[in-house]
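Visitor: take this sequence and fold it.
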Amino acid sequence: MARYTGPKSKIARKFGEAIFGDDKSFEKKNYPPGQHGNNRRRGKKSEYAIQLMEKQKAKYTYGILERQFRNLFAKANRSKGVTGEVLLQLCESRLDNVVYRMGLSNSRRGARQLVSHRHITVNGEVVNIPSYSLKAGDVVGIREKSKSLQSIQNSFDANSSVYEWITWNTEKKEGTYVSVPERIQIPENIKEQLIVELYSK
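Guide: Numbering: from 1, shown residues only. Coordinates of the predicted model:
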């Protein structure tokens, strides 16, 4: 299963944002990576470079590699809505992302692992495909055997985020993907229009 497994702090420093969540290394070195760090004079970026950076940031944020991301863009481009907005909505509706949003893991990488290790169910059935696309009304839960996992409980206790498009039932340990989020509800700092411009060249 293809995924990015390289250094996280270096990537976060490249974009100047902690895109992988809390990161002590990033807080200490909040400047671009490289031998000369802050001292290197950086020329003005071209329009293409800015667009490319935005696409890379979106890919790393959601943990999606190039081919899959390009396929998502093609799907968004075929849809009736605003392409950039639909692209982010497709990323948000991925199972690993929703598991992360529900607070069952403190990172998307961890959420992906929960899904691939068969700890997560969708509408009562075990689903082990992180890129599985949820539809409004789908119920995401923890498999019965996995409900006692301490790592899930710890992540959930530490999570204070609330999202309007997701509800959670603590007793049943399951949540509902109520609706596709509007762009204004998606907290990620991504300029999706730049990605659309890049792919439209």
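
Visitor: all contacts plus neighbour counts: C-alpha atoms, from now on.
Guide: OK.

Visitor: mind listing what V99 touches?
Guide: The contact partners of V99, by C-alpha atoms under 8 Å, 6 or more residues apart in numbering, come to S105, A111, V140.

Visitor: let me know the closest of these to Y60.
Guide: Closest approach to Y60 among these (C-alpha to C-alpha): A111, at 14.5 Å.

Visitor: next, give phi and psi for the residue nearest the centre of the chain.
Guide: Centrality entry for the chain: nearest residue to the mean C-alpha point is Y62, 2.9 Å, by C-alpha atoms, centre = their mean. Torsion angles at Y62 (phi, psi; degrees, to the nearest 10) stand at phi -90, psi 0.

Visitor: contact partners for it?
Guide: Contacts of Y62 (C-alpha under 8 Å, 6+ apart): C91, N97, R108.

Visitor: hmm, back to that, helices - which of the contacts of V99 land there?
Guide: Those of the contacts of V99 mapping onto helices are A111, per DSSP state H.

Visitor: L104 contacts A111, correct?
Guide: Yes: using C-alpha atoms under 8 Å, L104 makes contact with A111 at a distance of 7.1 Å.

Visitor: which residue ranges of the protein form helices?
Guide: 8-15, 24-28, 47-62, 66-78, 83-92, 95-101, 108-116, 150-158, 192-199.

Visitor: and those, which is most packed in?
Guide: helix 95-101 (a mean of 24; mean count of other C-alpha atoms under 10 Å).

Visitor: average model confidence for that helix?
Guide: The average of the pLDDT scores along helix 95-101 is 95.

Visitor: where in the chain is the helix or strand with the lowest mean pLDDT?
Guide: In the chain, no helix or strand scores lower on mean pLDDT, DSSP states H and E than helix 24-28, which sits at a mean of 56.

Visitor: nearest to S133, of the helices of the chain?
Guide: Closest of the helices of the chain to S133 is helix 95-101, at 6.1 Å (criterion: C-alpha to C-alpha).

Visitor: using PDB, list the CA coordinates for that closest one.
Guide: Extracted in PDB, the C-alpha atoms of helix 95-101 (Å, rounded to 0.1, in the frame of the first residue of the first chain):
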ATOM      1  CA  LEU A  95     -12.300   7.000   5.500                       C
ATOM      2  CA  ASP A  96      -8.800   7.600   7.000                       C
ATOM      3  CA  ASN A  97      -9.500  11.300   7.200                       C
ATOM      4  CA  VAL A  98     -12.900  10.900   8.800                       C
ATOM      5  CA  VAL A  99     -11.400   8.500  11.400                       C
ATOM      6  CA  TYR A 100      -8.800  11.200  12.200                       C
ATOM      7  CA  ARG A 101     -11.500  13.900  12.300                       C
END
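
Visitor: run the chain-centre distance for that helix.
Guide: Taking the mean of its C-alpha atoms, helix 95-101 sits 8 Å from the chain's own mean (C-alpha atoms, centre = their mean, to the nearest Å).

Visitor: what of stretch 82-95?
Guide: Stretch 82-95 sits 10 Å away from the centroid of its parent chain (C-alpha atoms, centre = their mean).

Visitor: go on, stretch 106-124?
Guide: That offset, for stretch 106-124, works out to 13 Å (C-alpha atoms, centre = their mean).
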